[in-house]
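1. Okay, predicted coordinates and the sequence, questions at the end:
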Amino acid sequence: MDQAHKQDKEDLRTLLEALLVASKDLQQSPIFSAKDPKPTIRALLATAADADPIMFDDSSFFKLGQLIRTLKTHLKELEKSQDRSFRTLLRRQITYYKVSKLGYVIEAEIQAYFDQESVRNLVTTLQESEDEDQKVEVLDEFEERLSRGFDREFQELVLKAKVFTVLESLLCDSTCSKRVRERAALAVVALVRFNKNVFVGLVLMGPIIEALVSMSTCCSIQVLTSLIKLVRIPLIDEIELEGEIPGIINLLSSEDLGIGVAALDCVCEIAYCGRAEVIEVMLNEGLIEKLMELQRSKHGDNLTETQKHRGNGSGVSSLDMEGENGPFSGCVARFAVQVEVGEGLTTQERKEFKKVVLRKVTEASVSEAEGATIFAEVLWGGSWP
């Protein structure tokens with residue numbers, strides 16, 4: 001893109017942003033309002049007058065041009081109706097209402113243009129740019145747009161541009177930097193939050209779960225946990241079907257404490273929502289034994305160095321560092337309680353699994369004191385950080 005064309009795009013965006021602000025001001029003049037909207041209308045029309053007249057003949061802005069011309073007509077009507085008769089007063093209030101509604105339509109039209117440009121730029125940048133910072137920037141902008149809530153028109157743009165496919169391809173590309181892949185993963189979660197009915201199926205049918213586990217970063221496991229919270233049993237069943245549970249359990253022993261903490265949160269979320277078959281797989285993979293090792297290791301005694309690097313993007317927050325023995329304090333009881341109060345099991349299954357957990361605690365204890373302590377925590381629902 002040459003410099004002149006780039007400057008024209010920036011000037012256009014500045015103009016449209018000014019019109020967007022003015023359109024919001026118009027919305028403050030509903031029927032029976034004492035506020036006179038004429039100054040606001042004049043301000044918007046003055047802003048529009050700065051635009052190239054040819055712009056409003058372009059197909060992208062043809063409707064916007066029509067709306068502005070309608071606004072001019074309303075302004076003339078208001079300027080003519082100066083007397084204080086009841087009929088004139090009523091007509092003026094109706095015009096105020098039309099102006100207010102017009103403000104909403106103008107805002108929607110300008111936002112639709114911004115959304116089209118944003119989605120087009122997102123796809124182009126992710127597919128063609130070699131600049132990692134540019135990719136991160138457009139992904140962050142996309143996530144922010146999704147966070148504003150559901151918008152049917154924006155969803156149509158996303159679907160037509162096949163944005164999910166682009167994000168999935170980026171997330172599953174092992175040659176791409178982890179920073180970009182993590183941002184793509186966060187965008188996928190934002191899409192699922194935006195509309196679960198549409199995007200959950202795409203997550204379940206694709207390779208995203210495997211990619212998140214294989215990335216093995218704090219962020220990727222946190223994303224997986226977020227997806228589990230959103231999708232619940234169908235996603236957990238898919239995780240178990242794809243054989244990813246052993247990989248998640250292995251991450252508990254990661255040298256990176258942040259990854260271990262994220263894996264523990266993920267395991268507990270699976271325990272809360274998972275069916276009996278899933279809990280059984282977890283227990284057969286030696287989860288209780290591993291949790292006891294982690295609880296025994298007292299990671300919290302040597303967290304000084306980790307705490308120094310909280311702000312380095314590792315994902316370990318100050319909350320993760322709390323607790324008498326660090327983030328894994330009472331983790332066996334935490335898991336057991338999640339199973340006991342979870343949604344995926346029957347009452348009988350909860351009782352049976354609690355017996356299994358207690359038996360495994362007894363078998364894996366290195367001393368009677370340790371066994372008795374953890375046994376009591378599981379039996380009565382111990383505390384954890």
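-> Nice, I can see it.

2. Where does pLDDT dip in this structure?
-> Counting by pLDDT under 70, the chain shows low-confidence ranges at 1-5, 29-34, 54, 57, 298-325, 382-385.

3. hmm, try it at 50
-> For the chain, applying pLDDT under 50 flags the ranges 300-323, 382-385.

4. how near is the residue minimising distance to the centre of the chain to A184?
-> Closest to where the C-alpha atoms of the chain average out (CA atoms, centre = their mean) is A190, at 2.9 Å. Here the criterion is CB to CB, to the nearest Å. By it, A190 lies 11 Å from A184. (Glycine included, C-beta is placed from N, CA and C.)

5. same deal with A51?
-> The value you get for A51 to A184, if CB to CB is used, is 36 Å.

6. So if I had to pick from the two, which one is more boxed in?
-> A184 (27 against 19; other CB atoms under 10 Å).

7. Outside of the helix or strand encompassing that one itself, list whatever touches it.
-> According to DSSP states H and E, A184 maps onto helix 178-194. Contact with helix 178-194 is made by 126, 132, 135-136, 139-140, 142-143, 146-147, 149-150, 155, 158, 163-164, 167-168, 170-171, 173, 199-200, 203, 208, 211-212, 215, 217, 219-220, 223, 226-227, 230-231, as judged by CB atoms under 8 Å, 6 or more residues apart in numbering.

8. So S329 is in contact with L294, correct?
-> No: assessed by CB atoms under 8 Å, S329 is found out of contact with L294, at 9.4 Å.

9. what are the ranges of the strands in the stretch 101-250 of the chain?
-> In the stretch 101-250 of the chain, no strands are defined using DSSP state E, counting those that start in this stretch.

10. Kindly report the same for the stretch 251-385 of the chain.
-> Going by DSSP E, counting those that start in this stretch, the stretch 251-385 of the chain shows no strands.

11. In it, what residue spans correspond to helices?
-> 257-273, 276-284, 287-297, 304-308, 331-341, 347-364, 368-380 (DSSP state H, counting those that start in this stretch).

12. between those, which one is nearest to L67?
-> Comparison of those against L67 by CB to CB identifies helix 257-273 as nearest, at 48.0 Å.

13. Mind giving me the packing neighbours of that closest one?
-> Contact analysis of helix 257-273 by 3 or more CB pairs under 8 Å, 6 or more residues apart in numbering; DSSP states H and E lists helix 218-231, helix 233-241, helix 245-250, helix 276-284, helix 287-297, helix 331-341 as its packing neighbours.

14. Which one, of those helices, ends up nearest to E363?
-> helix 287-297 (8.3 Å).

15. what comes up buried for that closest one?
-> Residues of helix 287-297 classed as buried under the neighbour-count rule (16 or more other CB atoms under 10 Å) are L287, I288, K290, L291, M292, L294, Q295, R296.

16. JSON lines for these, including distance to V356?
-> Listed next are the buried residues of helix 287-297 as JSON lines, based on distance: CB to CB, whole Å:
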{"residue": "L287", "distance to V356": "11"}
{"residue": "I288", "distance to V356": "8"}
{"residue": "K290", "distance to V356": "15"}
{"residue": "L291", "distance to V356": "14"}
{"residue": "M292", "distance to V356": "14"}
{"residue": "L294", "distance to V356": "19"}
{"residue": "Q295", "distance to V356": "18"}
{"residue": "R296", "distance to V356": "20"}
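
17. quick one, longest helix in the chain?
-> helix 86-128 (DSSP state H).

18. Check which helices and strands that helix sits against.
-> Secondary-structure packing of helix 86-128 (3+ CB pairs under 8 Å, 6+ apart): helix 3-26, helix 62-80, helix 132-146, helix 152-160, helix 163-171.

19. right, and Q27 touches I106 too?
-> No: counting by CB under 8 Å, Q27 does not reach I106; the two are 9.3 Å apart.

20. between these two, which one's more packed in?
-> Between Q27 and I106, counted using other CB under 10 Å, the more crowded position is I106 (25 against 17).

21. how close does that one get to T40?
-> Separation of I106 from T40 (CB to CB): 12 Å.

22. joint contacts of the two?
-> Shared contacts of I106 and T40 (CB under 8 Å, 6+ apart): L26.

23. Number of residues surrounding Q82?
-> 8.

24. Could I get the contacting residues of the closest residue to V339 other than its chain neighbours?
-> Distances taken as CB to CB, 6 or more residues apart in numbering place A271 nearest to V339, at 4.9 Å, with adjacent residues excluded. Counting by CB under 8 Å, 6+ apart, A271 touches I279, M282, F335, Q338, V339, G342.

25. Which two among those are spaced furthest apart?
-> The span of the contacts of A271, defined through CB to CB, is set by M282 and G342 at 12.1 Å.

26. Please identify every residue contacting each of the two.
-> Residues touching both M282 and G342 (CB under 8 Å, 6+ apart) are A271, G274.

27. Next one: T88 from K98, what distance?
-> In terms of CB to CB, T88 sits 15 Å off from K98.

28. Compare these two and say which is more crowded by neighbours.
-> K98 (17 against 13).

29. Any figure for the gap between that one and D36?
-> 15 Å.
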